[in-house]
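1. got a structure for you, letters missing:
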C-alpha cells in the first residue's frame, strides 16, 4: 500500500483504505477497483491523496487507532466546535470572551473526555506505536480530523516520553480541543483558499487566546488542558504567540502538541498547499529543533516517525529505484529497500539496507515507475 496524489492514480487501481465523507459516511471501501467516475467523485469531496495497492506495494499500513473510533472522534469534535460556533455567532466579534455556558456545552466536554480515554486505551493496546500512516482528510472536514490526528500523534510521543496515564489523558483532551478558539474566528478568514494577508494572520493568531478564555469558564477542566490550548503556538526560542514565552516556561504538554500539530499540518493537503511527504515534514521539524520546538522532545519524535512507510517507492542517490520493505526504530531515514529498477539488471530484486550502506541515501519519492 502506498500514498499517492489523486492525479497519479490510474484507472483500475485498487483502493487501499476506506474513504469517508465529511459527515462520517463511508464513501468507498478499501479493495474496490477505482474508475474515472469514482476518482472524480472523490475530488468533489476535496480529497486529493489516496492509498492504493499495486504490484509494488501490497502490504497493509495499519492505523494506530481503529477506523470506527477515528470517525467517532471526528464526529464528537465536529459537534462540539459547531455548537461553540453557534454561541459565538450571537456575540459581536470584539466580544468573544464568553462568560456563560450551557449544560449542552458541558455535555460536549464530557463526551470529549470519554473519547480521549477511548483513544488512550486504543493506543496503549497497540504494540506498534510508530507513526507510519498519514490520515486522508477531506478539506471540508480538515479542522476536526486534524484535531483527532494531533491527539493520536501527541499520545504516541507522550507514551515515548514516559508520561503518566493522568498526564496522557490531559494531553489527549488538550490536543483534541487545541484549535477550539478557531470557533471565534470569522469563517471567511479560516476558509480562505489563498494565502492570508498579514492582517488576516494577526486575526488567526488570536485563536489560542480566544480558546483559552472560553475554556476558563469550564472549572472542571484541568489547567494543564487549558495551557495546551493557550500555548501550542509558542516557540521554544520565544518568538511564538500569544505571549512570546520560551523554553521550559512553555507547558510540557503544549510542547508535545506543538510538534504533533505542525507535523500533521505539513502532511495534510490544504486548499492553498499540497501536503509534504512525511520525510520532508520530518526534515523541516528537525531543522527547527531548539528554535520552534523542544530539541529533546524532537529527538524522541524522530525515532517514532516512519517517514518512508512500507510500500513507498523511492529513488536512491545511486540512480536505482526501489520499494521500502522495512524501517528499523531509531533509524527513520535509513530503511531497507527492494530494488525495482536499475541500470544493472542483476541488482533488480535484491535488497539494500541503508543502515549498512551509508553512501546511499533516498533522494526522492516516486509515484510512478
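-> Thanks, I have it. Note that the structure is predicted; figures quoted are calculated from it, not measured. Residues are numbered from 1 along each chain as shown.
2. Can you tell me the centre-most residue of this protein?
-> residue 264 (2.7 Å; Cα atoms, centre = their mean).
3. What distance do you get for that one to residue 299?
-> Applying Cβ to Cβ, to the nearest Å, the value for residue 264 to residue 299 is 19 Å. All C-beta spots, glycine's among them, are computed from the backbone N, C-alpha and C.
4. In three-state terms, how would residue 322 be classified?
-> Secondary structure, DSSP: H, G, I helix; E, B strand; the rest coil: residue 322 is strand.
5. re the thing from before, which phi and psi does the residue nearest to the centre of the chain have?
-> Torsion angles at residue 264 (phi, psi; degrees, to the nearest 10) stand at phi -70, psi -40.
6. For residue 106, see how far away it is.
-> Plainly put, residue 264 is 28 Å away from residue 106 if you go by Cβ to Cβ.
7. that older thread, what about the closest residue to the residue nearest to the centre of the chain other than its chain neighbours, neighbour count?
-> Leaving aside its sequence neighbours, residue 264 sits nearest to residue 149 (Cβ to Cβ, 6 or more residues apart in numbering; 4.5 Å). When neighbours are defined as other Cβ atoms under 10 Å, residue 149 has 27 of them.
8. try the one 5 residues further on
-> Other residues near residue 154 number 31, with proximity taken as other Cβ under 10 Å.
9. Residue numbering should commence at 17 henceforth.
-> Done: numbering now begins at 17, and the last item shifts to residue 170.
10. Let me see the contact set for it.
-> 187, 188, 191, 272, 273, 276 (Cβ atoms under 8 Å, 6 or more residues apart in numbering).
11. Let me know the pLDDT of it.
-> Residue 170 carries a pLDDT value of 96.
12. what's the distance between it and residue 244?
-> 9 Å.
13. Spell out which residues are contacts of both of the two.
-> Common neighbours of residue 170 and residue 244, using Cβ under 8 Å, 6+ apart, are 187, 191, 273.
14. Of these, just the buried ones, ChimeraX syntax please.
-> Those of these that count as buried under 16 or more other Cβ atoms under 10 Å are selected in ChimeraX with:
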select :187,191,273
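15. Tell me the one among the shared contacts of residue 170 and residue 244 nearest to residue 27.
-> Nearest to residue 27 out of those is residue 191 (Cβ to Cβ; 38.8 Å).
16. so that closest one touches residue 276, yeah?
-> Yes: judged on Cβ atoms under 8 Å, residue 191 makes contact with residue 276 at a distance of 6.6 Å.
17. shared neighbours, the two?
-> Joint contacts of residue 191 and residue 276 (Cβ under 8 Å, 6+ apart) are 166, 167, 170.
18. Could you tell me which of these are located in helices?
-> Cross-referencing the shared contacts of residue 191 and residue 276 against helices under DSSP state H gives 166, 167, 170.
19. Redo those residues as a markdown table? Include distance to residue 179.
-> A markdown table is the format used below for those (distance: Cβ to Cβ, whole Å):
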| residue | distance to residue 179 |
| --- | --- |
| 166 | 16 |
| 167 | 14 |
| 170 | 10 |
